[in-house]
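Q: Pasting a predicted model and its sequence here:
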Amino acid sequence: MKRSSSIISILAGVTLPVSLLAQTQPKQPNIIIIVADDLGYGDLSCYGAHRIHTPGMDRIANEGIRFTQGYCTAATSTPSRYSLLTGLYPWTNKDAKILPGNAALIIDNQQITLPKIMKQAGYVTGSVGKWHLGLGDGAVDWNKTVYPGAKEVGYDYSFIQAATNDRVPCIFIENGKGVNLDSDDPLFVSYKENFQGEPTGKDNPEMLRMHPSVGHGGSIVNGVPRIGFQKGGKAAQWKDEDMAELFLEKAKDFLKDNKDTPFFLYYGLHQPHVPRVPNQKFVGKSGMGARGDVILEADWCVSEFLKELDRLGLTENTLIIFTSDNGPVLDDGYQDQAVELVGDHKVAGPLRGGKTSLYNGGTCIPFLLRWPAVVKPGVSNALVCQMDLLASLASLVGQTYSDKVDSQNTLPVFLGRSSNGRKELVLEGYFNYALRDGDWVMIPPYPDFSNDPEDASFCGRSNCYQLYNVENDPGQQINLAEKEPKQLHRMMMLFEKLKRE
Ligand code: NG6
Ligand code: CA
């Protein structure tokens with residue numbers, strides 16, 4: 001089947017706008033997925049935030065679809081991103097847990113991935129920004145080409161951060177090579193012990209410009225203490241305050257370089273994950289401290305990125321998705337006044353919990369989709385999940401694959417043509433699971449090891465079964481487990497079945 005005709009057949013049965021039908025050979029849409037890091041449901045003005053304004057993100061909502069029930073599969077980064085890229089539930093890979101910066105790549109070379117599907121369809125593929133899926137075979141020499149890496153996952157081009165802002169190695173990796181690494185000053189990384197003579201956050205607090213609240217006692221890079229230890233590679237060390245603009249430039253370059261061919265870009269914003277170090281342009285701008293400031297910075301990146309699409313004439317036929325890898329958190333290990341200055345801003349909006357939580361605040365995240373040529377702007381309350389992008393976008397670009405995946409083809413829902421979203425979805429908290437089925441969420445009992453009732457109440461751990469109707473009770477305050485034994489029993493059975501499959 002010719003590429004151009006496949007789009008027509010996929011969209012057959014749906015009413016296409018005249019503009020698209022008029023073209024005899026519509027080009028396949030470019031596809032872009034922007035994934036913010038720890039951005040909450042309530043952090044965007046289009047989701048109801050009042051104290052913070054996000055005109056860039058809101059533009060996608062206004063010109064596209066805003067999903068009110070958009071989910072990732074997990075309340076932390078690695079498992080969530082793993083599902084988005086592979087179409088598999090995170091528990092199908094025991095290594096899909098928050099990874100250190102020197103972890104091996106957890107996506108097998110043979111596995112189908114979203115970028116590989118796009119490549120099959122003739123797309124040029126790129127990954128810019130946060131990675132956090134491991135790199136190499138577990139014994140990476142950062143001074144050589146990292147293998148396997150982004151290329152083996154399906155990206156023609158990559159400019160990435162290995163793990164998180166707060167984890168070593170604090171360098172960028174472009175097409176498998178450490179950027180600005182100098183053979184006279186090789187980089188060494190360890191998550192076991194410090195390198196002799198190197199300062200650390202734990203031992204040298206006098207050297208810090210940002211102090212930890214929990215952990216983060218490892219190497220000091222750019223005045224910020226990290227997780228893990230690194231030595232050498234001084235010329236390659238990143239500057240947190242320049243990171244946003246650098247990723248933006250690389251993402252824009254990718255658009256420019258590939259404007260004449262269908263492309264797929266995964267743009268991983270590093271904000272508002274810790275350490276929150278905004279560029280000077282944004283310092284103090286939100287009145288909510290560094291967390292608010294880096295959200296404004298992220299929003300500016302989105303705005304500028306959209307302007308570049310306009311400038312290149314790509315807006316009309318580009319399908320762009322904006323979302324987050326997991327729910328929000330205030331204190332995530334640095335004293336950056338996120339808690340003190342949040343005021344009445346609700347990072348998870350009306351939802352309970354946040355990052356790491358089994359409640360909806362952990363996995364129900366901002367989810368916006370725009371494709372002006374085809375998709376009518378609006379709001380959708382259908383249950384959609386990032387994991388389903390693999391099957392849905394494969395179908396959009398006319399591709400098949402033989403792997404068995406958990407990803408379901410919900411393309412009509414993503415395009416706003418149907419409100420019949422996914423029926424059920426298993427949600428991963430920090431280490432445990434909940435089940436959403438229709439409007440219901442069931443959380444099985446989990447013992448609380450933290451001995452901290454507030455933490456347990458945020459994360460969703462309890463000695464009893466919890467059952468919520470999130471349509472009537474989005475804040476998950478009224479536990480219906482005792483009142484609705486039949487519903488509870490049905491969901492217990494379904495949960496066992498799904499987790500076994
Ligand atoms: C935790 C870190 C937290 C963050 C998280 C990963 C501490 C105390 N906490 O271990 O700061 O890095 O891992 O976040 O070290 S994620 O969004 O990439 O999953
Ligand atoms: Ca995250």
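A: All right, it came through fine. Numbering: from 1, shown residues only. Ligands and ions are numbered 1, 2, ... in the order given.
Q: D403 - how many residues pack around it?
A: By other CB atoms under 10 Å, 14 other residues sit near D403. The C-beta positions use only the backbone N, C-alpha and C, and glycine is treated the same way.
Q: How about the secondary structure of it?
A: When classified by DSSP: H, G, I helix; E, B strand; the rest coil, D403 comes out as coil.
Q: That one touches L114, doesn't it?
A: No: the pair D403 / L114 is not scored as a contact, 11.9 Å apart, by CB atoms under 8 Å.
Q: which residues are common contacts for those two?
A: G87 (CB atoms under 8 Å, 6 or more residues apart in numbering).
Q: now for the longest helix seen in the chain, which elements pack on it?
A: In the chain, with assignment by DSSP state H, the single longest helix is helix 289-311. Under the contact criterion of 3 or more CB pairs under 8 Å, 6 or more residues apart in numbering; DSSP states H and E, helix 289-311 touches strand 30-36, helix 55-63, helix 240-257, strand 318-324, helix 338-341.
Q: Would you indicate which residues of it are buried?
A: Going by neighbour count (16 or more other CB atoms under 10 Å), the buried part of helix 289-311 is 289-306, 308-309.
Q: Of those residues, which ones also sit close to ligand 2?
A: With the criterion set as CB under 5 Å from the ion, no member of the buried residues of helix 289-311 is near ligand 2.
Q: Test my guess that P212 contacts Q335.
A: Yes: because the distance of 7.1 Å satisfies CB under 8 Å, P212 is recorded as touching Q335.
Q: And these two? Which one has more around it.
A: Neighbours around P212 and Q335, counted as other CB under 10 Å, are more numerous at P212. The numbers are 22 against 14.
Q: Report the contact partners of the more buried one.
A: Under the criterion of CB under 8 Å, 6+ apart, the contact list for P212 reads 201, 225, 333-335.
Q: gap between the most centrally placed residue in the chain and ligand 2?
A: In the chain, the centroid-proximal residue (CA atoms, centre = their mean) is D325; its distance is 2.5 Å. The spacing between D325 and ligand 2, counted by CB to the ion, to the nearest Å, is 4 Å.
Q: One more: L114?
A: Relative to ligand 2, L114 is positioned 18 Å away (CB to the ion).
Q: Which strand residues bridge M442?
A: L435, L467 (DSSP bridges).
Q: Give me the neighbour count for it.
A: With other CB under 10 Å as criterion, M442 counts 24.
Q: thought it was touching L498?
A: No: the pair M442 and L498 fails to qualify as a contact (CB under 8 Å) at a distance of 11.4 Å.
Q: Of the contacts of P212, which is the most crowded?
A: If you count neighbours using other CB under 10 Å, the busiest of these is P225, which has 28 neighbours.
Q: Surely that one touches E198?
A: No: checked against CB under 8 Å, the pair P225 and E198 is beyond contact range at 11.8 Å.
Q: anything in contact with each of these two?
A: Residues touching both P225 and E198 (CB under 8 Å, 6+ apart): S219.
Q: Report the contact partners of the closest residue to ligand 2 within the stretch 1-150 of the chain.
A: Nearest to ligand 2 in the stretch 1-150 of the chain, going by CB to the ion, is S77, at a distance of 3.7 Å. The contact partners of S77, taken as CB under 8 Å, 6+ apart, are 37, 98, 130, 132, 164, 273, 325-326.
Q: In TSV, list those residues along with secondary structure and pLDDT.
A: Converted to TSV, those look like this (DSSP: H, G, I helix; E, B strand; the rest coil; pLDDT from 0 to 100):
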residue	secondary structure	pLDDT
D37	coil	99
I98	coil	98
K130	strand	98
H132	coil	98
T164	coil	98
H273	coil	98
D325	coil	99
N326	coil	99
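Q: Distance to G353 added to those residues, as CSV?
A: Shown next, in CSV, are the contacts of S77 (distance: CB to CB, whole Å):
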residue, distance to G353
D37, 17
I98, 17
K130, 22
H132, 21
T164, 20
H273, 17
D325, 15
N326, 11
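Q: Ligand 1 next: which of the contacts of P212 are close?
A: G333 (CB under 6 Å from any ligand atom).
Q: So which of the contacts of P212 is the closest to ligand 1?
A: Among these, G333 lies closest to ligand 1 (CB to the nearest ligand atom), at 3.6 Å.
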